[in-house]
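Asks: next comes the sequence, and after it the predicted model I'd like to discuss.
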Amino acid sequence: MTTPRDEEARHADEETRVDIPVTRDPESAHHNPVAFPNVDRTVPDEGRAFAPPPFEPLGERAPMLPARPAGDGPAGADLGAPVGGRNSRWRWIAAGIATLLVVALIGGTLMFLGGRPATPSLVAQFAPANAAIYTELRLDLPGDQRDRLASFMSNFPGFADQASFQQKIDETLANALRSTNTGLEWQRDISPWFGGEVGLFSATLAPSPGTPPSFTIVLSVKDRAKLDELVSARLTGSDMQPEDYKGQTIWTGNASADAQRISFAVTDEALVVSARNEELKAALDIKAGEQPGLADDAFFTGQLGQMHADRLALIYYDYSRLLESMPPGASILPAECMGELQAATNVRLLGEVRAESDHLALNMRSQFPTGGNLPPAPQNKRTTLADSMPTSSIVYVEMRQVGANIKYLVDQLITCMNTSGGSLFDLNGLEQLIGTKPQDYFDFLDDAAFAVTLADGKFGGGLIATVDDENVARTRVERLLSVVRLGGIGLGGGLTVEEQQHGDVAVTVIKLGAGLVPGGEAPSIAIAVSGGRVYLGVDDFVTSALDRAAADSLSTTPRFQGALTETGAETAGIVYIDIGALRSFAESQMPSGARGNYDTEVKPFLEPITHFVAISRNENGINASHAFLYVE
């Protein structure tokens, strides 16, 4: 049976085309890169592509609590007086290890007052099953994390002596807590009772008008008596009112006249603070086993079992609930278009942050969205695309099922335009011009890799993609070039299209005239179809890729190979960024007047960071991503 693609290819040579004089410039013989066989790892059909990126919640600012009455605390101590932070460098480092965030949570909470890998932590046992977002921080640095974080941080100024690492952490926390102006001291007021675990969760990010924001903070407690002493002192003189709830005392009120109303409770295991009294009660009921919680959720506990028992942080979100909680008008798409994308939002994610001796690792596990016309989940495979990329690549991105993904996105765009009042384009005319439906035009693309290069202070780059039908690829590329040729005629010779022979490969080169690009020479753009691939790039990117041997490519560089060794060569996607090269280039472009402060205050903390790699894998229908930030 003849398919539309067969007819398209058969009639391709019969179509009308504008003849432009062609300049042929034979080059050196073309060398085909070594092609290793792809090894596909079988995964179930369920699951879909297009998992949305993690959503970052907006922070909350806590109201100020009345200072402790005069006479409390050490003699002569003015606990209500503001005390500034000691050193901006310490704060910068602390932010990198998330300790400042923990201090902000603890300080904000007190201002309100005036086992096994699959076992949820204590603070997670208070979170509701319908949580839109849950964040957990481990300031106690469990298991191997203290030593590994100390090794990681030893690459930064001030942390070279790993034996004094805990002292530096305590100093950082003390300085940061003083800067909150709560009158609290880390060693005196917090450290004696704090168990090291912090949980923050919310069921919605946009409550209805007139209602307080939804958030609850849980701090683990190692010494209830010490915390009771602090709370009793901070409650003196405040208007917080007690309420008995199932044997627990809940305090509710305003910390000051202009502060929002909050509620808190102290248990033997935790200090629980919430913006809403009903959510605090729900958290207590969940911990008591009277209501289902996040710790009972099969996805949460199942993916937690794939995480490490020892970690620095945990993050969970339910993307569909986040979207539901967004205020009206927050989306950039018309409301009538959101229904078409609803299937792509059915995603939940659980991720962890861990310290290793030479990198920070972010491991994430999420659902592939299902439903609608979403393409199937990507398969794990090892491609040879990186074998054709230069070692000067500072950004490299490798993707699967590019044609299917483009088709889905264009389909949704067309549907959205038709639903919201008509298309801006003549789709019928466009289809006649390109010979097929717009959403089907790139369906011949399979895997694709994109690279940005930096050599001798000049950026370049290009794209290499595998195709499932080389004849269809040639036909559709030629149609696009015909449109470009027509455009060149309209520009009066300002744009030229030349065909050059590179070995046995025809390379089409598009050049812009000097008059079209003010201030310098315009780069040329080359395109070729050869060996089951499409090549597109700037200047000599295409010809160099055609000639490149795998041994001289990005794929053999130690930094690129190191991350693949961590996760395995068969992947569903790769991202690689050479941070050191980008930093060096930015420094070379920096005005001399700005270098003094940069060299002393900023560069020492950026210089150890070398590169970032993220690997995605399909593990039995779960999108498992592993991201690594390396230092040297």
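Replies: Yes, it's here. Residues are numbered from 1 along each chain as shown.
Asks: span of stretch 487-498 from start to end?
Replies: Chord length of stretch 487-498, first to last residue, is 14 Å (Cα to Cα, to the nearest Å).
Asks: just use 12 as the starting number from now, easier for me
Replies: With the count now opening at 12, the last piece we talked about shows up as stretch 498-509.
Asks: what about it, average pLDDT?
Replies: In this model, stretch 498-509 carries a mean pLDDT of 69.
Asks: can you check stretch 406-415 too?
Replies: Averaging pLDDT along stretch 406-415 gives 95.
Asks: low-scoring stretches of the protein, by residue?
Replies: 12-129, 216-223, 266-270, 336-355, 430-437, 499-505, 524-531 (pLDDT under 70).
Asks: show me which helix runs longest in it.
Replies: helix 481-501 (DSSP state H).
Asks: buried sites along that helix?
Replies: 481-490, 492-493, 496, 499 (16 or more other Cβ atoms under 10 Å). C-beta coordinates here come from the backbone N, C-alpha and C atoms, glycine included.
Asks: again with stretch 508-519
Replies: 508-509, 511, 513-514, 516-519.
Asks: now for those: which two are most distant?
Replies: Val508 and Gly514 (20.3 Å; Cβ to Cβ).
Asks: could you pull up the residues touching Thr215?
Replies: Counting by Cβ atoms under 8 Å, 6 or more residues apart in numbering, Thr215 touches 143, 225, 332, 335-336.
Asks: re the thing from before, between the buried residues of helix 481-501, which is nearest Phe453?
Replies: Once Cβ to Cβ is applied, the member of the buried residues of helix 481-501 that ends up nearest Phe453 is Arg487, at 7.7 Å.
Asks: these two touch, right, the closest one and Tyr452?
Replies: Yes. With contact taken as Cβ atoms under 8 Å, Arg487 and Tyr452 are classed as touching, separated by 6.2 Å.
Asks: list residues touching both of these two?
Replies: Ile445.
Asks: returning to what we had before: for the contacts of Thr215, work out which two are farthest apart.
Replies: Between any two of the contacts of Thr215 (Cβ to Cβ), the greatest distance is 12.6 Å, for Ser225 and Glu335.
Asks: looking at those two, which one has more neighbours?
Replies: The neighbour comparison of Ser225 against Glu335 (other Cβ atoms under 10 Å) goes to Ser225, with 20 against 13.
Asks: the more buried one should be in a helix, yeah?
Replies: No. Using DSSP: H, G, I helix; E, B strand; the rest coil, the assignment for Ser225 is coil, not a helix.
Asks: follow-up on the earlier one: and of the contacts of Thr215, the nearest to Gln443?
Replies: For these, the nearest to Gln443 is Glu335 (41.9 Å; Cβ to Cβ).
Asks: for that closest one, helix, strand, or coil?
Replies: helix.
Asks: so who does it touch?
Replies: Glu335 neighbours (Cβ under 8 Å, 6+ apart): 143, 215.
Asks: ok, now how distant is it from Glu481?
Replies: 46 Å (Cβ to Cβ, to the nearest Å).
Asks: swap in Leu152?
Replies: 55 Å.
Asks: can you check Ala560 too?
Replies: Distance from Ala560 to Glu481, by Cβ to Cβ: 23 Å.
Asks: go on, Asp321?
Replies: Distance from Asp321 to Glu481, by Cβ to Cβ: 50 Å.
Asks: what's the answer for Glu196, then?
Replies: Glu196 is 71 Å from Glu481, by Cβ to Cβ.
Asks: which ones are touching Arg376?
Replies: By Cβ under 8 Å, 6+ apart, the neighbours of Arg376 are 314, 317-318, 360-362, 630, 633-636.
Asks: report how many residues lie close to the closest residue to Ala185 other than its chain neighbours.
Replies: Take Ala185 and drop its neighbours on the chain: the residue closest to it by Cβ to Cβ, 6 or more residues apart in numbering is Trp197, 4.2 Å away. If you count neighbours by other Cβ under 10 Å, Trp197 ends up with 20.
Asks: pretty sure Trp197 is touching Ser190, no?
Replies: No. The pair Trp197 and Ser190 does not pass the contact test of Cβ under 8 Å, sitting 11.5 Å apart.
Asks: could you point out the helix or strand that follows the helix or strand Ala539 falls within?
Replies: In this structure, Ala539 sits in strand 536-541 according to DSSP states H and E. Moving toward the C-terminus from strand 536-541, the next helix or strand (DSSP H and E) is strand 544-549.
Asks: can you give the distance of the next helix or strand after that next one from its chain's centre?
Replies: Downstream of strand 544-549, the first helix or strand assigned by DSSP H and E is helix 552-558. Its chain's C-alpha centre and that of helix 552-558 lie 31 Å apart, by Cα atoms, centre = their mean, to the nearest Å.
Asks: dump helix 552-558 to PDB, restricted to CA.
Replies: Only the C-alpha atoms of helix 552-558 are listed here, as PDB (Å, rounded to 0.1, in the frame of the first residue of the first chain):
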ATOM      1  CA  PHE A 552      30.300  22.900  12.200                       C
ATOM      2  CA  VAL A 553      28.700  20.500   9.600                       C
ATOM      3  CA  THR A 554      31.900  19.700   7.700                       C
ATOM      4  CA  SER A 555      33.900  19.200  10.900                       C
ATOM      5  CA  ALA A 556      31.200  16.900  12.300                       C
ATOM      6  CA  LEU A 557      31.200  14.800   9.000                       C
ATOM      7  CA  ASP A 558      35.000  14.400   9.400                       C
END
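Asks: can you list contacts of the helix or strand that comes right after it?
Replies: Counting by DSSP H and E, the next helix or strand C-terminal to helix 552-558 is helix 569-578. The contact list for helix 569-578, computed with Cβ under 8 Å, 6+ apart, reads 397, 407, 565-566, 582, 587, 589, 621-622, 624, 626, 628, 637, 639, 641.
Asks: again, but for stretch 443-455
Replies: With Cβ under 8 Å, 6+ apart as the test, stretch 443-455 has contacts from 15, 19, 23, 26, 413-415, 417-418, 421-422, 425, 438, 441-442, 478-480, 483-484, 486-487, 490-491, 494.
Asks: endpoints of it, how far apart?
Replies: Terminal residues of stretch 443-455 lie 19 Å apart, using Cα to Cα.
Asks: how far does it sit from its chain's centre?
Replies: The answer for stretch 443-455 is 32 Å, by Cα atoms, centre = their mean.
Asks: what's the answer for stretch 165-181, then?
Replies: Distance of stretch 165-181 from the chain centroid (Cα atoms, centre = their mean) equals 28 Å.
Asks: would you mind writing the CA trace of that stretch as PDB?
Replies: Output of stretch 165-181 as PDB, limited to C-alpha atoms (Å, rounded to 0.1, in the frame of the first residue of the first chain):
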ATOM      1  CA  SER A 165      36.800  22.000  51.200                       C
ATOM      2  CA  ASN A 166      37.100  23.200  47.600                       C
ATOM      3  CA  PHE A 167      35.800  26.700  48.700                       C
ATOM      4  CA  PRO A 168      37.600  29.400  50.700                       C
ATOM      5  CA  GLY A 169      37.400  29.100  54.400                       C
ATOM      6  CA  PHE A 170      36.500  25.300  54.400                       C
ATOM      7  CA  ALA A 171      39.900  23.800  53.600                       C
ATOM      8  CA  ASP A 172      40.300  22.400  57.200                       C
ATOM      9  CA  GLN A 173      37.700  19.600  57.200                       C
ATOM     10  CA  ALA A 174      38.300  18.900  60.900                       C
ATOM     11  CA  SER A 175      36.700  22.300  61.700                       C
ATOM     12  CA  PHE A 176      33.800  21.900  59.400                       C
ATOM     13  CA  GLN A 177      31.100  21.600  62.100                       C
ATOM     14  CA  GLN A 178      32.500  24.700  63.900                       C
ATOM     15  CA  LYS A 179      32.200  26.600  60.600                       C
ATOM     16  CA  ILE A 180      28.600  25.400  60.200                       C
ATOM     17  CA  ASP A 181      27.700  26.500  63.700                       C
END
